[in-house]
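Visitor: Kindly generate the corresponding structure for this input.
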Amino acid sequence: MKCALVTGGSRGIGSAICQKLAIDTDYHILINYQFNKEEAENTLEKIIAKGATGEILKFDVTNFDEVKSVLTEWQDANPEAVVEAIINNAGITKDGLFMWMSQEDWSSVINTSLNGFFNVTNFFMQKMLRNKFGRIVNIVSLSGVKGTAGQTNYSAAKGGVVAATKALAQEIAKRNITVNAVAPGFIRTDMTSELDEKELIKMIPVNRFGEAEEVADLVSFLVSKKASYITGEVININGGIYS
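Guide: Now for the predicted structure:
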């Protein structure tokens, strides 16, 4: 059984990626979530409706021991399963000016994106190297490429993942494992629902927010065999806002 794991897969971009992979690939989809079980189940139903298989895995990506425990238990229960694709999508924002930022707001955002990437990817790394095939896609952000005022923590977290993407790609390319990052700009999801869309689209050359499905299409391509010669890249998907 070949599998794709999507962290933060219950809602928004993560859910769209799960559903797109269900259509485009033969992967058994592993939907990770931390809080919203109802949305995770909803995503699973949509995957099954599209003729694919999947299951839900609850763990907090920031907790190394919990990640290891849940994934080890899953691997032991599914000894024939091979995770070929990892989409590190879990991320949170706690925006605010740096001068007022609490240590907790700094650490929790860094831990989710950057340590989450390590905890999940590191678990599967040796298995992928032995298997001599893998696709790792890290969902970063315009903020991690360009920097965004009021998001020093989020920019630092995603910028760290950008650098890690480039370094890891060089380490493991010979084993036919690609590592790429996708940097969305303003995408219409729960995370951006509080933003002033009418004001912000003035900054966007294509004059609209993107859709989660458009990000999912790009991720699906990077996971495919067609993208075998693309690694260490950060691909912007932002309607023309370039850093």
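
Visitor: give the contact list for the residue lying closest to Asp217 once chain neighbours are set aside.
Guide: Leaving aside its chain neighbours, Asp217 sits nearest to Lys20 (6.4 Å; criterion: CB to CB, 6 or more residues apart in numbering). Glycine gets a C-beta too; all of them are placed from N, C-alpha and C. By CB atoms under 8 Å, 6 or more residues apart in numbering, the contact set of Lys20 is Glu213, Ala216, Asp217, Val219, Ser220.

Visitor: Pretty sure the last one sits in a strand.
Guide: Same thing as Ser220. No - under the criterion used here (DSSP: H, G, I helix; E, B strand; the rest coil), Ser220 is helix, not part of a strand.

Visitor: what about the nearest residue to Thr7 once chain neighbours are set aside, how many neighbours?
Guide: Distances taken as CB to CB, 6+ apart put Ala90 closest to Thr7, at 4.0 Å, once the chain neighbours are dropped. Ala90 has 24 neighbours, counted by other CB atoms under 10 Å.

Visitor: can you give me the strands for the protein?
Guide: Using DSSP state E, the strands found in the chain span residues 2-6, 28-33, 54-58, 82-88, 134-139, 177-184, 187-188, 210-211, 234-237.

Visitor: Redo these as a markdown table? Include mean pLDDT.
Guide: Output for those, formatted as a markdown table (pLDDT from 0 to 100):
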| stretch | mean pLDDT |
| --- | --- |
| strand 2-6 | 98 |
| strand 28-33 | 97 |
| strand 54-58 | 97 |
| strand 82-88 | 98 |
| strand 134-139 | 98 |
| strand 177-184 | 97 |
| strand 187-188 | 88 |
| strand 210-211 | 94 |
| strand 234-237 | 96 |
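
Visitor: Export the ones you listed as a markdown table, with columns for mean neighbour count and distance to Ala156.
Guide: Listed next are these as a markdown table, based on neighbours: other CB atoms under 10 Å; distance: least, CB to CB, whole Å:
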| stretch | mean neighbour count | distance to Ala156 |
| --- | --- | --- |
| strand 2-6 | 24 | 24 |
| strand 28-33 | 26 | 23 |
| strand 54-58 | 18 | 27 |
| strand 82-88 | 25 | 16 |
| strand 134-139 | 26 | 15 |
| strand 177-184 | 24 | 15 |
| strand 187-188 | 19 | 21 |
| strand 210-211 | 17 | 23 |
| strand 234-237 | 18 | 16 |
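
Visitor: Alright, calling it a day.
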